[in-house]
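1. Need coordinates for the below:
(one chain, ligands or ions: 1)
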Amino acid sequence: MKKKILVDLDYVICYPGFLKILNDFLGTDYKEEDFTEYIIDPIIGTQEKINEFYEYYLKHDGYKDAVLIDGAKETLEKLSKNYDIYICSACVMYGVERKSAKLFKDKFEYLMREFPFIDPEKIIFTNSKNIFKADVQIDDRLPNMLGDIKVKLLFDAYHNKNITEKELLDNNIIRVKNWKEIEAILLK
Ligand SMILES: [Mg+2]
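-> Got it, this is the predicted structure:
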């Protein structure tokens with residue numbers, strides 16, 4: 001039986017167009033490296049304005065111009081020969097939870113378009129990532145990595161730089177900087 005890998009989408013496989021759409025909304029020119037936290041809503045202002053942004057965001061397709069992370073596609077394709085790959089991605093947006101359907105659609109269509117080797121029956125859309133059992137998990141957020149998984153790989157991202165070695169060690173997590181490192185760990 002093949003081993004199971006849970007792979008996150010955003011900031012692991014691709015950079016979605018979230019920040020571009022936010023910049024368009026605000027008339028700004030923020031870059032990912034301007035932030036150290038995952039949730040960047042506070043820069044938008046009041047809760048009312050934040051909700052207004054999410055309504056605006058959901059009128060766009062954040063995956064139309066998503067930027068694939070170097071090596072993600074090639075390595076996933078190689079891994080798919082030895083592992084069962086499950087994409088595990090959150091699709092419910094905070095603040096506009098019940099209006100999030102379009103995000104499910106945009107992510108699903110992106111995955112189908114870009115990754116012909118990914119089985120559509122192995123796509124999991126949930127914000128509750130800690131309920132799964134698998135052999136390997138690749139994600140960029142520590143709060144998503146508290147489940148019963150043997151090998152946990154934290155993908156380096158703008159918002160997780162401040163996580164200490166001790167925190168990683170305590171949670172049995174290895175930080176990986178890129179897909180080459182993932183390949184070296186999982187296909188040795
Ligand atoms: Mg992510």
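2. Contact residues of the protein facing the ion?
-> Neighbours of the ion within the chain, by CB under 5 Å from the ion: 8, 10-11, 140. Quick note: C-beta positions are derived from backbone N, CA and C, even for glycine.
3. Kindly indicate which of the residues you listed lies nearest Phe18.
-> The shortest approach to Phe18 among these belongs to Asp10, at 7.8 Å (CB to CB).
4. one step back: can you put the residues of the chain next to the ion in a markdown table and add distance to Tyr57 and secondary structure?
-> Formatted as a markdown table, the entries for those read as follows, by distance: CB to CB, whole Å; DSSP: H, G, I helix; E, B strand; the rest coil:
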| residue | distance to Tyr57 | secondary structure |
| --- | --- | --- |
| Asp8 | 19 | coil |
| Asp10 | 13 | strand |
| Tyr11 | 16 | coil |
| Asp140 | 20 | coil |
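5. which residues sit in contact with Asp41?
-> Residues touching Asp41, when contacts are defined by CB atoms under 8 Å, 6 or more residues apart in numbering, comprise 50, 53, 94-95.
6. at 6 Å instead, please
-> In this structure, Asp41 makes contact with Ile50, judged by CB atoms under 6 Å, 6 or more residues apart in numbering.
7. Would you mind measuring from it to Tyr11?
-> To Tyr11, Asp41 is 16 Å away according to CB to CB, to the nearest Å.
8. Glu33 now?
-> Looking at Glu33 against Tyr11, where the rule is CB to CB, the gap reads 13 Å.
9. what's the answer for Leu22, then?
-> As judged by CB to CB, Leu22 and Tyr11 stand 15 Å apart.
10. Cys14 and Leu68 touch, don't they?
-> Yes. With contact defined as CB atoms under 6 Å, Cys14 and Leu68 form a contacting pair (5.1 Å).
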